[in-house]
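*Asks:* Dropping a prediction and its sequence here:
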4 protein chains.
Amino acid sequence: MKYKIKRGFASDNYSGAHPEIIRAISNVNIDHAGAYGNDEYTNKAIGKFKDYFGEDIDVHFVYSGTGANVLGLKTVTNSFNAIICSDVAHINVDETGAPEHFTGCKLLIVPTNDGKITVEGIKKYTYRFGDEHYAQPKVISLTQSTEFGTLYTPEEIKIISDFAKNHNMLIHMDGARIANAAIGLNLSFREFTRDIGVDILSFGGTKNGLVFGEAVIFFNKELSSNFKYFRKQGMQLASKMRFISAQFDALLSNELWKRNAKQANSMAKLLELELKKITQVKITQKVEANEIFVIIPKEYISTLQKTYPFYVWDENRSEVRLVTSFDTTESDVHGFIALLIKTIKS
Amino acid sequence: MKYKIKRGFASDNYSGAHPEIIRAISNVNIDHAGAYGNDEYTNKAIGKFKDYFGEDIDVHFVYSGTGANVLGLKTVTNSFNAIICSDVAHINVDETGAPEHFTGCKLLIVPTNDGKITVEGIKKYTYRFGDEHYAQPKVISLTQSTEFGTLYTPEEIKIISDFAKNHNMLIHMDGARIANAAIGLNLSFREFTRDIGVDILSFGGTKNGLVFGEAVIFFNKELSSNFKYFRKQGMQLASKMRFISAQFDALLSNELWKRNAKQANSMAKLLELELKKITQVKITQKVEANEIFVIIPKEYISTLQKTYPFYVWDENRSEVRLVTSFDTTESDVHGFIALLIKTIKS
Amino acid sequence: MKYKIKRGFASDNYSGAHPEIIRAISNVNIDHAGAYGNDEYTNKAIGKFKDYFGEDIDVHFVYSGTGANVLGLKTVTNSFNAIICSDVAHINVDETGAPEHFTGCKLLIVPTNDGKITVEGIKKYTYRFGDEHYAQPKVISLTQSTEFGTLYTPEEIKIISDFAKNHNMLIHMDGARIANAAIGLNLSFREFTRDIGVDILSFGGTKNGLVFGEAVIFFNKELSSNFKYFRKQGMQLASKMRFISAQFDALLSNELWKRNAKQANSMAKLLELELKKITQVKITQKVEANEIFVIIPKEYISTLQKTYPFYVWDENRSEVRLVTSFDTTESDVHGFIALLIKTIKS
Amino acid sequence: MKYKIKRGFASDNYSGAHPEIIRAISNVNIDHAGAYGNDEYTNKAIGKFKDYFGEDIDVHFVYSGTGANVLGLKTVTNSFNAIICSDVAHINVDETGAPEHFTGCKLLIVPTNDGKITVEGIKKYTYRFGDEHYAQPKVISLTQSTEFGTLYTPEEIKIISDFAKNHNMLIHMDGARIANAAIGLNLSFREFTRDIGVDILSFGGTKNGLVFGEAVIFFNKELSSNFKYFRKQGMQLASKMRFISAQFDALLSNELWKRNAKQANSMAKLLELELKKITQVKITQKVEANEIFVIIPKEYISTLQKTYPFYVWDENRSEVRLVTSFDTTESDVHGFIALLIKTIKS
């Protein structure tokens, strides 16, 4: 059957939502509440974020990850600015030009092998400041964990953010999988964002067990005063916002975010462990969060995909991407490995 | 307490979701499903729409009403086009310029007293076709039910859509409250949309009991081929789309949409009936759907709002807007009326 | 012959350029000069503007009037802002939505009978400040002289600019025909712009005898720091800018601007005088600059247009627009009047 | 003196205009002419283009090269499309993001060493057609002559345009220096554009001796029907267009374009010849049009620039760009060479 996907490693958004999240939605479904975020649930959820990141921040909820990224970037740029990011950045290759269209900015692309950009790569673009012919670099966007499932260390981020500050630029972090990063780094959210110079954070919810919903966090409130207008103009202002807020409240309570991300990450580690035993396949990136990139000989792929959906990342290299999720189980991993071994032998 | 809103008449998006909707979300929260609408639930929900509107249509789900309107308009326009709508149209006064910003089009505004525009008002703008200095009119956008809670009759729409066809223009309908319109008109959805020349329909879900979610329907598939790209670029493509689809499936099953809209409309009628008995207030618009516009002497308003929140529509005239919802009860209405009478007497 | 237009009253841009302007272009056509305005001629022309408007202003040259208006507006707005103007404003009806497309802003339209808006009309829109659903009013754009050839008095502008200041808004003036306004008002440029609160001025050149070229003047340099980037991004940065600058230098030297505008205005007055003698026609607007609006019975129009091209402004009223120019002669006026009388009699 | 630039090799837009161009402007400065291109001069100039490129083409005049590029691209794209070009393309690095801002499209960048892209580089991006998450490649933009002064052979273009056709893509050519290319290739304009699959051409005027003015040519009229609206919305519609048209008429008459480009190219060849004799400097790109890229030891540069302005292209490599123009003389070249030799020796 065309749509009969049961379980697999295609993406963490193939998963449903964590049951506690559904419960949270149901729990706030009582009576009336102010629309557009003027409600007690939203207030409470914002408070939860402040518990993690400290006071004096601005937290806003939006529908989608693309929305979070684009609106965060729009709020701090003019249309003549440029945004620097990696060649595999979601904002570069998977958002259909939404950043360019909504912000008017140019994206300046730094090639990477592991999804992580460095000051060396950034420097290629940070010149001609004040030259009206050149889109003026304003934001460096980092994805954490990266699209390759790798992690920037706090030190690596600090070097980039220091460079940014020196050039009057800002740091945006696409944290669609920020919970997986926190687990992978074994650090608090704050330690690898606010404390080391991140200015704007897309805090992901959907990929860590929400039905829908992302947060945009500004660590400097002076940057965010126009956000609310852009959110509405950007079609990301939810009328019944309590239903996003309640999800975030639940995610940030009882360590649900941690339990979810830990499960995803540890299943990725298990997958890595098992894959390393199989000489016919080759892991191509460090497994630091919840993604594994692995070269699997072409002839095995379609058989595997039939039972365990996943995406081919690079057809030429026969490299595939396996994503684990909060709901990935040991039995998913072992089932996949068993099928792989069986397929190789047959 | 600042956020302690219990029940009132502020807006149909102050309501939560219908319990069957929450159940629907919960029911599809099993295993994995293809992301971005490649799932069986989305397929099923689209089929439900086809049951109502006929085959050969294109149905797409988005997050928000603004998203539905803007993306529907973007898909059929070039940036040099103009969109004609009423002065009180949501796209004109409540979307922070999102239509202009995302489409690049100009909005041409027809003044109305009752929210309904006519060919006479439209004609002021439909000239200079082919003149490169003039934003070329391309779409007429009608809201049904209107922002004043009034209804276009099918005949009224037909006259406008015939005029549109004669000028190579299209009809967009903002149906944020289309269910209330269907009940008010006592017609099938199809009879006052597709059958009389509507080309693009924003089919509202949120205001009729969903958690979130709207549908954009193209009745001519030739118009819609680019929609999917604009939806993604417009930050309205839900990754876990099954959770929107399941809501629409539920809404269009077991006549939930009808039960919800009927309740809202009949409570509006009851409110109208009761208000008419009170000589100190004056209803200013026909009550044909789920909104009542009524002049209430200024001195009573804040007392009423404290218990039953609602919006002042026109401060100068002391005109307020009362919106009923699927969850409005007779006791809400009678409580409000009793308080009004008591306030007048005191 | 299709293109055989000799002389008429169609528009002041049907005229060519004043010979002194051509000479100025020719005069600077020597050797090399820095591109994009980094040249002595541009510096000199800016100095001329400072002679008229005072120091501490920012002057920038652009190609076109639409460019001047749009870039001036873009520089001081965010995409969620709104710009208030009259229903006949050039930015509203003759720029194909360029302001909306380039700025992302909404235009809010004040109906007028004489092209002049008032605080009363503006007030309809200046509310909901801080409301994220409503495009936030930021600029009031006035055309001087207006599209009806009428003039705002300094007192009228002052009232509007005081209102603007009180609402944290700015005043933009579309001065495509500012020289005609200065003559009509018998005031210095400065007296009816900078001195009474205009913030951004499109200073027209083309309609007053240039080959091409307009200036954008910011009277508050804090507003203009981003202009240069928007000018380039807006495709209005001339590489061989000396050829615009030289024209403005010439226009502002030896009172060329004044001679040109005086000729145009006095020919308009003469036309008015003569038309008033003819009982079959009716002048509909005050003649204060270089445009006359006059109702001429439909049956005469095409005959007149054949020899003296002009535009029909309002077909229903049979109202036409006659524009005089720096090169309009008494013989043009008398010839037209004679033909009109002859046509009426025949 | 700050602005005392006399002659040098900074850019072909540091030159003034050819005297015949000034004369052409002066010659059409008689009486009235229809505005916005509705005039006999524009008609005549378009006819000249048809003499070169054949009938059934659409020719439009605009102010600037950025305008020509951006409007040509806008006319054939939707905002969800992508445009492929080289890393040194003017549209990529010298237009302040104007293409992204006005079209909404993403630019996809192919690295080059010589300014010329190949199918191999393009192929990296031409996949995921139909995938709504990926900006859909629609146009390949080639610069001829390139920003490095090199030339695509007709065969090289044909390979790319065949590839484009096979992928339902179009070829745009930025011909800001197309006359220099024609001379360098010793081919008619048509042979290396229309005849080998170029769809849209920015035909440069300013850099070849005009005061201002570029042409956009569509070789397939089905592509261009919306151009006129975008030109106006893009602020590139000249009111007194006859003054652009007359320049192009002159440029395409009496082989002025050829004389100008030949002079520029032959002076580049002479410069190359002389530079090759000097062992301390190293030419880094083929000299095929009117630009020379050459490494000159850092210590000599500022001395040279004082007398003969030019730009440093790559500070790290001490590589500079020398541009010759229609008005570059042998004495300019010999003077520069002499100064270089003297500087080296001192």
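*Replies:* Thanks, I have the structure now.
*Asks:* From now on I want contacts and neighbour counts done on CA atoms only, so please keep to that.
*Replies:* Fine.
*Asks:* Chain C contacts on the stretch 101-250 of chain A?
*Replies:* A:E132, A:H133, A:K228, A:Y229, A:F230, A:K232, A:Q233 (Cα under 8 Å from any Cα of the partner chain).
*Asks:* for the last one, what are its contacts?
*Replies:* The neighbours of A:Q233, taking Cα atoms under 8 Å, 6 or more residues apart in numbering or on different chains as the test, are B:E95, B:T96, B:G97, B:A98, B:H101, C:F80, C:H133.
*Asks:* rerun that using 10 Å as the cut-off
*Replies:* Applying Cα atoms under 10 Å, 6 or more residues apart in numbering or on different chains, we find A:Q233 in contact with A:71, A:102, A:227, B:66-67, B:94-102, C:79-80, C:104, C:132-135.
*Asks:* repeat for the fourth one
*Replies:* Under the criterion of Cα under 10 Å, 6+ apart, the neighbours of A:Y229 are A:71, A:75, A:237, B:95-98, C:78-81, C:130-136.
*Asks:* Tell me which of the residues of the stretch 101-250 of chain A next to chain C fall in helices.
*Replies:* A:K228, A:Y229, A:F230, A:K232, A:Q233 (DSSP state H).
*Asks:* Just to check, the first one is in contact with A:K74?
*Replies:* No - with the criterion set as Cα atoms under 10 Å, A:K228 and A:K74 do not qualify as a contacting pair; they are 11.3 Å apart.
*Asks:* any shared contact partners between the two?
*Replies:* Listed as contacting both A:K228 and A:K74 by Cα under 10 Å, 6+ apart are A:G234.
*Asks:* count of neighbours near the residue nearest to A:I117 when sequence neighbours are not counted?
*Replies:* Excluding the flanking residues, the one nearest A:I117 by Cα to Cα, 6 or more residues apart in numbering or on different chains is A:S86, at 6.0 Å. Counted with other Cα atoms under 10 Å in any protein chain shown, the neighbours of A:S86 add up to 29.
*Asks:* in the sheet, who's paired with A:S86?
*Replies:* Applying DSSP bridges to A:S86 yields these beta-bridge partners: A:V110.
*Asks:* what residues are up against it?
*Replies:* Contacts of A:S86 (Cα under 10 Å, 6+ apart): A:92-93, A:107-118, A:121-122, A:140-143, A:146-147.
*Asks:* circling back to that earlier point, can you tell me which of the residues of the stretch 101-250 of chain A next to chain C lies closest to A:V281?
*Replies:* Of all those, A:V281 sits closest to A:F230, with 46.5 Å by Cα to Cα.
*Asks:* Now do the contacts for A:A45.
*Replies:* Applying Cα under 10 Å, 6+ apart to A:A45 gives the contacts A:51, A:59, A:61, A:242, A:244-253.
*Asks:* And what about A:G149, helix, strand or coil?
*Replies:* Recorded secondary structure, A:G149: coil (DSSP: H, G, I helix; E, B strand; the rest coil).
*Asks:* Ramachandran coordinates for it?
*Replies:* phi 70, psi 10 (degrees, to the nearest 10).
*Asks:* For D:K269, see how far away it is.
*Replies:* Distance of A:G149 to D:K269, computed by Cα to Cα, to the nearest Å: 53 Å.
*Asks:* which of these two has more neighbours?
*Replies:* Higher neighbour count among A:G149 and D:K269: A:G149, with 28 against 19, using other Cα under 10 Å.
*Asks:* roughly how far apart are the more buried one and A:F9?
*Replies:* A:G149 is 13 Å from A:F9, where distance means Cα to Cα.
*Asks:* try A:I217
*Replies:* In this view, A:I217 and A:F9 are 29 Å apart by Cα to Cα.
*Asks:* Of the residues of the stretch 101-250 of chain A next to chain C, which is the most crowded?
*Replies:* Going by other Cα under 10 Å, A:Q233 tops these with 30 neighbours.
*Asks:* what sits against A:D332?
*Replies:* With Cα under 10 Å, 6+ apart, A:D332 has these contacts: A:R7, A:G8, A:F9, A:M267, A:L271, A:Y308, A:T324, A:A338.
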